[in-house]
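K.L.:
please find the sequence and the predicted model below.
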Amino acid sequence: DGGITQSPKYLFRKEGQNVTLSCEQNLNHDAMYWYRQDPGQGLRLIYYSQIVNDFQKGDIAEGYSVSREKKESFPLTVTSAQKNPTAFYLCASSIDRNYGYTFGSGTRLTVV
Amino acid sequence: KQEVTQIPAALSVPEGENLVLNCSFTDSAIYNLQWFRQDPGKGLTSLLLIQSSQREQTSGRLNASLDKSSGRSTLYIAASQPGDSATYLCAVNKAAGNKLTFGGGTRVLVKP
């Protein structure tokens, strides 16, 4: 079955540590996205990539970094510069905007 | 800047009643609008995608309408069931680019 796989499901980060969230898709979609969701709020766009080796900042990119070396993979690194990283992170992809977005099951990141 | 609003933020209905969920957006220059369902702690599941040229889309008990000129979309769920309890999110894809802007969601509880 085609879909998006996010791992891990739960992640704990110590103060000052960088952590990387994985997002893999086998849908052959060109575009991939990272969103952050905080309790009671809508999703906010962190980074997106329309093609391999290219990505753009979204609305809240500070403290995050990404790479897009393969079509299937779009990992997100939460750096120590992100002062409030505790949130639910969602990865999405789309083949093109005529067909809408598909989302992964999310990673919950908690600072300990 | 596109802003998407969903009112009410929460809604409780008895089983069997029809649900009406509202979504409004400030910029009518949209490409399409997508409705999602989110269960607690889970990712987003796509329900319906309406292109800007369409007035409505239907899938089973779900019907979504779009009035682009007035910046509104409504999701109707007929004969609600306890399994419909979830948060429902609408998202707008603007005419330029391929990025979604989300509303804050409506949390629905269907009481048996």
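P.N.:
Noted; the coordinates are in hand.
K.L.:
residues contacting residue B:7?
P.N.:
Going by CB atoms under 8 Å, 6 or more residues apart in numbering or on different chains, residue B:7 touches B:22, B:24, B:106. C-beta coordinates here come from the backbone N, C-alpha and C atoms, glycine included.
K.L.:
count of residues packed around the second one?
P.N.:
To tie it back to what came earlier, the one meant is residue B:24. By the criterion of other CB atoms under 10 Å in any protein chain shown, residue B:24 has 18 neighbours.
K.L.:
which stretches of the chain form strands?
P.N.:
Assuming you mean chain A. A:4-7, A:10-13, A:19-25, A:31-37, A:43-51, A:54-57, A:64-66, A:76-78, A:87-94, A:102-103, A:107-111 (DSSP state E).
K.L.:
not quite, go with chain B.
P.N.:
For chain B, the strands defined by DSSP E cover B:4-7, B:10-14, B:19-25, B:30-38, B:44-51, B:56-59, B:62-67, B:72-77, B:86-94, B:100-102, B:106-111.
K.L.:
for residue B:102, find the nearest of the strands of chain A.
P.N.:
Closest approach to residue B:102 among the strands of chain A (CB to CB): strand A:43-51, 4.4 Å.
K.L.:
tell me the residues on chain B that lie near chain A, please.
P.N.:
Contact residues (CB under 8 Å from any CB of the partner chain) of chain B with chain A: B:4, B:9, B:31-32, B:34, B:36, B:41-46, B:49, B:51, B:89, B:91, B:93, B:98-100, B:102-105.
K.L.:
okay, and the beta partners of the residue nearest the centre of chain A?
P.N.:
Centroid check for chain A by CA atoms, centre = their mean gives residue A:34 as the closest residue, at 3.1 Å. Beta bridges link residue A:34 to residue A:47, residue A:91, judged by DSSP bridges.
K.L.:
show me what contacts it?
P.N.:
Taking CB under 8 Å, 6+ apart, we find residue A:34 in contact with A:21, A:23, A:45-48, A:58, A:64, A:66, A:74, A:76, A:89-92.
K.L.:
swap in 10 Å and give it another go.
P.N.:
Neighbouring residues of residue A:34 by CB atoms under 10 Å, 6 or more residues apart in numbering or on different chains: A:6, A:21, A:23, A:43-49, A:55, A:58, A:60-61, A:64, A:66, A:74-76, A:89-92.
K.L.:
alright, calling it a day.
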